Structure formats: C-alpha cells, structure tokens
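> just need the structure, nothing else, for what follows:
(3 chains)
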Amino acid sequence: MGMFGVLDISSAGMDVQQARLEVAASNIANSRTTGKDGAAYKPLAVVVRSAIAEAQGAAGMPTTTANLPMPVVAEVVQQDVAPKLVYDPGHPDADEKGMVALPGVDPVTSMLDLISISRGYEANLRAFDITRSLLQRTLDLGRSR
Amino acid sequence: MTVEAIAAVGAQLAATAPAAVPAVPVAPPADMNAIASMTDLLPSHSTRAGEGVFDQLVNSLGQVDAGIESSGRAATELALGQTENLHQVMIGAERTRLQFELAMSMRNRVLEAYQEIMRMQV
Amino acid sequence: MLNTDPVLALLSRALDAAALRQSVHATNVANVDTEGYRRLEVVYSAELQRLNAQGPAVDANEALGWAQAEPEVVESADAHVKLDQEMAQMAENAVRYQALLGAIERTLGMLRTAARDGKE
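Sure, this is the predicted structure:
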C-alpha cells in the first residue's frame, strides 16, 4: 500500500467526520421535534469501527502500511436519552397530564460535537495534504541536476 | 607519465606564469560559522612559492575528502534522529557538495591545460 | 559501490521509518473517533540503540548494524489519540522526512557528478 494507500485512510477519516456532521446537524435541527406517546425525536449517534481495531487486542498488529486500520461508519444508532418533559397542555402532542416530551438533545453537547467534528475533519485534511506533499517531493528525487 | 613528472611540469608552469591558476583554499566544514565561512570557497589569488598547480589540486582533494567524511557523519546522525541543528547539517552538506564540484571542475581544467601542453609541438 | 555505501543505506532505512511514521500518524488521526481504537506508533531499532549508546557520533557501518530490523508498528502506551499532539508530531516527522530526502539527494548528486567526470 505504501503512502499512497494512506491517502485513502485520511479520506475515510474525512468521510467519518462528514457522517458525524450530518448526524449532529439532524440532532440540532430536530431539537424541538415532538411526537405523541413516546414518538419524540431521539438523538442519533454514529458508531465508527475499523476492521483491525477489533483485532488489536489479538496478535494481529499491523506491521506495514498494507493493513493499517481504516475507519468506517458501522452504524447510526438512536441514543436512549430520556426526553425532557415540559408542561404545555395546549400543545397538540400533550399527554393527559399536559406534559409534552421534547427530545433530550442537550445544546451544549451538540455544540461541542460540532467543534470536535470540525477539528477532526481539518486534521484529516492536513494529514492528507502533508502525505501528498511528501510523496511529491519523493517523486522529485533525482529529477533535477 | 608519473605523478611526480606531472607535478614537475606544473611547477614549471607556475614559475613561468605566476598566479595563472588561482588557488582555492577550502576549510573543512567542522567550524560553527557555516554561512560566514562559505566565502572561503571563493578563489584567492595567491600561489605559494614552489607549489605547483597539481599540488594545490591534491591538497584541495584532501580537503574535499575530509568534507565528505564529516558530511557522512552528519548524515548518520540525522538518520539516527540525533540532530540538534538541522540547518548546520544542511549547510554542511551543501558546502561539501560545492567543494566537491569545485574540485571536479578544477581537476577538469587542469587536465585540459595538461592536454593542451602535450599537444604542443616541441 | 552504490549498494554498499553505508551512509546511503542508513539514510534509506531511516527514510523507511519516516514514511511509516507518516502513515501511522495519519491513521491515528483518521481513527480518532473509532470505537475501541488504541493509538499506534513506529519503533525503529537504530534510533533506540543510538539513544542507549553514549558518546559521539557513531560510524555509519555500526549504525547500519543496528538498523537491520525493519521499522515496526506497535501500540503506544497511551491509547488515546490527542489530535493536537498527533498533528504536531506529524509536522515534525514531515520535516525530518524532507531532511533525509535532501541528504540522500546530495549524496546521490555527488556520486552522479563523479560518474559524469565532473561534466554536465
């Protein structure tokens, strides 16, 4: 694989951050989406796995660039967060006690997620750029003079 | 022709045409003022008395050899991750390369001059 | 001669280690949010030997003896990937990589000049 394959790993890393961004955007957009009888929006989360990460406990240590762990979005799960109950008897989704269930999306957590995603994406982008630049310099070896 | 005979021819040349070929004094790159001391790669017009052109060439080759050795040590340290001053290593390496190319260039010109002389009708 | 020059061989092996390091840093960054991931790093035997050896610069041949084993990927003691640290180490490694490339270029350049008899 060499360093060329590593460009794919950085690219996969950016894909993962992109997926996290989509999910975070959905959570923020739906932070006030109610529903009847427990059908309120539940915040989503992304689960990222990599084939070799699971084998890391075992003897399967990567020794060359040929089998470095590549991250992949394994699944998108609903988080089992308790909904926030708000007293609003006039609301169409209010139950018999007049309480409305709002999604348990914590805005602070959402903002922190966005920051984390932004840093992660940028780091992967810089890593991609540095790898590409080193490869170009290596190709120039022996070219001039 | 033996080396001594060639040197003798050179000595005669130096005697008849003083300062015809400028001496190239090169110091080994072990000193600390690497940038400042690059100027001593420039030729100075002093031909020492009795020294032939070929002696000067042999001297400068010896210095190039020392330069290559020191550059090799610096490269070894770089490979082993022990370099404190990266710029020293790079400047030293560039110095050595220039010394080397200067010496090669000088050697070519001296050879050409020698061949010219040998072509002369006596 | 080109095959046996110890300095060139040592530089080349160090470049292997630097290239592997770049790959491993990039992998750590890509897996920062991967479940169960433990941070990886590269171990290069010649560098370790040099750290243990005392005294001034060694002979290239001796160093080459230390560098016989391939650079290795191992799990680092600290399993958590910290992005800032990872990027800083990546930048440092990139500089070393380019320095090693430069040293190799110059060494090859001198050999090339000698092979061409000093002419272009």
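> close to chain C, is the top helix by length along chain B?
If you go by DSSP state H, chain B has its longest helix at helix B:86-119. Yes. For helix B:86-119, a contact with chain C is found by CB under 8 Å from any CB of the partner chain, at B:86, B:89-90, B:93-94, B:96-97, B:100-101, B:104-105, B:107-108. Yep, even glycine has a C-beta here, placed from its N, CA and C like the rest.
> I only care about these that end up buried; give me the ChimeraX line for that.
With 16 or more other CB atoms under 10 Å in any protein chain shown as the criterion, this ChimeraX line picks the buried residues out of the residues of helix B:86-119 next to chain C:
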select /B:89,90,93,94,96,97,100,101,104,107
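> need the residues of helix B:86-119 next to chain C in CSV (columns: pLDDT and distance to C:Y37).
Output for those, formatted as CSV (pLDDT from 0 to 100; distance: CB to CB, whole Å):
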residue, pLDDT, distance to C:Y37
B:L86, 80, 33
B:V89, 80, 36
B:M90, 82, 37
B:A93, 83, 40
B:E94, 84, 43
B:T96, 85, 45
B:R97, 84, 45
B:F100, 84, 49
B:E101, 83, 51
B:M104, 84, 54
B:S105, 85, 57
B:R107, 84, 59
B:N108, 86, 60
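> okay, the residues of helix B:86-119 next to chain C in CSV with distance to chain A next?
Formatted as CSV, the residues of helix B:86-119 next to chain C follow (distance: CB to the nearest CB, whole Å):
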residue, distance to chain A
B:L86, 16
B:V89, 17
B:M90, 15
B:A93, 14
B:E94, 13
B:T96, 15
B:R97, 10
B:F100, 13
B:E101, 10
B:M104, 13
B:S105, 15
B:R107, 19
B:N108, 17
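> tell me which two in the residues of helix B:86-119 next to chain C are the farthest apart.
Using CB to CB, the pair of the residues of helix B:86-119 next to chain C lying farthest apart is B:L86 and B:N108, separated by 33.2 Å.
> ok but A:D95 is inside a helix, no?
No. Using DSSP: H, G, I helix; E, B strand; the rest coil, the assignment for A:D95 is coil, not a helix.
> low-confidence stretches in chain B?
B:1-51 (pLDDT under 70).
> hmm, try it at 90
Regions of chain B meeting the criterion pLDDT under 90 cover residues B:1-115, B:117-118, B:120-122.
> chain C contacts on that one?
B:68, B:71-83, B:86, B:89-90, B:93-94, B:96-97, B:100-101, B:104-105, B:107-108.
> for the record, mean pLDDT for stretch C:24-41?
The average of the pLDDT scores along stretch C:24-41 is 93.
> tally of neighbours for the closest residue to C:A79 other than its chain neighbours?
Spatial nearest neighbour of C:A79, excluding adjacent residues (CB to CB, 6 or more residues apart in numbering or on different chains): C:R38 at 4.0 Å. As a burial measure, C:R38 scores 18 neighbours (other CB atoms under 10 Å in any protein chain shown).
> returning to what we had before: I'd like the residues of helix B:86-119 next to chain C as TSV, with distance to A:A127 appended.
Listed next are those as TSV, based on distance: CB to CB, whole Å:
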residue	distance to A:A127
B:L86	22
B:V89	26
B:M90	25
B:A93	29
B:E94	30
B:T96	35
B:R97	33
B:F100	38
B:E101	38
B:M104	42
B:S105	44
B:R107	48
B:N108	48
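> what's the helix or strand for C:A69?
Following DSSP states H and E, one finds C:A69 outside all helices and strands.
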